[in-house]
Every structure is written in structure tokens, then in C-alpha cells.
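Asks: sequence first, predicted model second:
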Amino acid sequence: MSVRCLLPLVIVAIVAVSGANFKRREFKIKIDGEVSFKATPPLSSGKTITWKFKDLQGGVIRVMDFDYDESATPQNPLFKNCASADKKTGELTLHNLTENHSGLYFFELNGKEQMEKFPLKVMRVVQKPEITNEKTTSNPDVVYLKCKYDKVVDKDAKISWSCSNDTTEELAYTKTGKTDLCCACTLKNDVSQETSDQICESDLFHEGSNIALTVVLILLFILLFVVIVLVLMYRFNNKFHDYVFKKYEKTTCLGGMLKNLDQCRSGKKTGVKQTDVTTVYTEVNKIEENNKEDDPLTDPQHDYEEPQSGDKQTDVENGTPLKKEDNTPTEHSDDL
């Protein structure tokens, strides 16, 4: 193969290597970040290096120049407080970056521009996105999710969904029946990424909460029905009334409720208003106790007194005097 044929291949290889080298030196840094550009070959004694910056509008600014034996400080206001250099290696370091520092950086050795370039893009970090949802009446099993973010600030950001391979801003979410399945959107650029709060299928379709509400209402209805039945039995069933009242009349809360029910109950039957049923029961009990105390047959401690010989005995039932038995021996007793 002749040299003339090999020459185009050499040129293509050089261009490819140069392009790869240029692409390798491309930097994307977030705001307030830091970056360093290393000069090749490194600075040596007797050489002067000058760093320059070409902004996005095409204007060229001198960042700083110095030699191996003497350093210098940047004079341009854009780099005065954020640029420094290593005089031994010629390396340039930028910190506290802003978007105004985006552009192309290059350097000269002894006034001769070098081929190596350093493109820099300073980017804002993305903000945390938010998911909004919108339902449709045409299909209740589909909800439209939207990844909401500031399109001006995060203009270079890309969107991804955790529950789908879709990369669009809006996602049509179809119901799966898995209430624990959640979805989030992520906003990402070359220097940062943020993920929204998750939204789950149980939040989008509220069938589970409707079922729980229905169960609660049914239980409340049953409880109310039982209470009504017990109240009616207390008011109209005497045996149940007496049992409940005697058992719970001394309790603080339930006893008061029973007294109020008894007032309504007694007022309806006798026409007497505000009857104190408790007082009535108490008086009846006292009368019964007094009767028991006065009854010699029921009171074991009662001392029964024999009637005296001089007292007249009467028939309890007829009220007539009883005949006294004569125990005197007759005349015929001796004969016997």
C-alpha cells in the first residue's frame, strides 16, 4: 500500500483522537461547584501561561497569566473571587461557579495557543417535582398522572417514571387492583436528580375506604338497633326492668340514665310527672323490712311471750273468750 493511500487514514485517525480528547474534556458542573483544568504539557521554568475564556456570546476574556516563578491574581471581575492557579503545573481551578462561567476555556504557552480546549457548562440543580392526578368520567379505571416542575429552571431535565417506561410529562395510569403499588416521577439533568413523593393506587382509587365506611355504618346501625330494643324492653317489660334497675341503679352513668327512663315510664302509665321512682322503691323496701321485724313467725330473734294466767284468752279468729280448762280433781277420783 502506497504512502498516498495511507495518508487519508492517518488524517482520519488524528481527527478521531482529537475529537475524543475534546469530548473527554467537556465538563458539566452544578452551580456553586468547583472544577479544575490541567494544562498539558505542564508549565516549566522559563514559560508563561495565559488562561482565557470564551463566553457563549463569543467574547474572549483573559482569566489570568503567570509563569513558573511568579503567580498572578485574576483581574477580570468575573473571575476575581473564584479563580486560582498552580504555578508549578499551570492548572486552573474555578470555584463558586455561576451560569455566567459557562463557555470555552483554553490556554497559551509563551503566547502560542494550544490545541486543548475545556468546554464548561454550569447548570442548576433540578427541583423536586410533584405529581398531580386527574380523573376522567369516561373511564373510572384510568387516572392521568402529571409530573409537575418548573420548565424554565429545569429546561434540560429529563423525566422518568418508577411505574412505567414512559418518559413523558403525563402518564395514563390504568388500575391494576394492587393497592400497594406506588408510582413516582424523577427529574434528572447532568448534575443532579430529584424524585417526587410516591402516590399509590389506593390513593387514586378509593374503593377500599368506601368498603371500610360501609362496614362502620352497618356496625353503628346494629348497635343503635340493639340499644333501641334494650330501651323498649326496659320500659315495657317489668321483669327486665326490675332486674336491670336493681343491678345498675347505683352506678354513676347508667344509673342516671335508668332514672330518666323510669321518669318517662312512670309518667306515661300513671299520668304523674317527674315521679321519683327511686324514692318509691326505697319506701317499699323499708315497709317490707319493718313488717318482717314485727312478724314473730319470720323473725327468729323475736321473744315470744306466754299469756299470763290473769289475761283473758280469746279466739283469734272469732274474737270470743276461750273457756278455761278446769284441772281440779273431782270427787270420783278418790273412788278410782
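Replies: That came in fine, so what should we check first?

Asks: from residue 38, how far off is residue 119?
Replies: The gap separating residue 119 from residue 38 is 15 Å, by C-beta to C-beta, to the nearest Å. For glycine as for every other residue, the C-beta is placed from the backbone atoms N, C-alpha and C.

Asks: for this structure, just list every one of the helices.
Replies: For the chain, the helices defined by DSSP state H cover 3-24, 201-204, 207-236, 238-248, 252-270, 277-294, 332-335.

Asks: for the second one, which outside residues touch it?
Replies: Put plainly, it is helix 201-204. For helix 201-204, contacts defined as C-beta atoms under 8 Å, 6 or more residues apart in numbering pick out 133, 143, 173, 175, 176, 177, 178, 179, 180, 181, 182, 208.

Asks: identify the residue spatially nearest to the fourth one, adjacent ones excluded.
Replies: In this case it means residue 175. residue 141 (4.2 Å; C-beta to C-beta, 6 or more residues apart in numbering).

Asks: per-residue confidence for that neighbour?
Replies: pLDDT for residue 141: 88.

Asks: same thing with residue 334?
Replies: 46.

Asks: next one: residue 171
Replies: 92.

Asks: please look at it and residue 164 and confirm they touch.
Replies: Yes: the pair residue 171 and residue 164 qualifies as a contact (C-beta atoms under 8 Å) at a distance of 5.8 Å.

Asks: who has more neighbours, these two?
Replies: residue 171 (20 against 14; other C-beta atoms under 10 Å).

Asks: OK, contacts around the more buried one?
Replies: 144, 145, 146, 147, 161, 163, 164, 183, 185.

Asks: ok, and the closest non-adjacent residue to it?
Replies: Of all residues not flanking residue 171 in the chain, residue 145 sits nearest, at 4.6 Å (C-beta to C-beta, 6+ apart).

Asks: quick check: which ranges of the stretch 101-250 of the chain have low pLDDT?
Replies: Scanning the stretch 101-250 of the chain for pLDDT under 70 picks out 206-212.

Asks: just the strands in it please.
Replies: Secondary structure of the stretch 101-250 of the chain, counting by DSSP state E, counting those that start in this stretch: strands at 103-109, 112-123, 130-135, 142-148, 158-161, 170-174, 182-183, 185-188, 193-195, 199-200.

Asks: which one of those lies closest to residue 74?
Replies: Of all those, it is strand 103-109 that lies closest to residue 74, at 12.7 Å by C-beta to C-beta.
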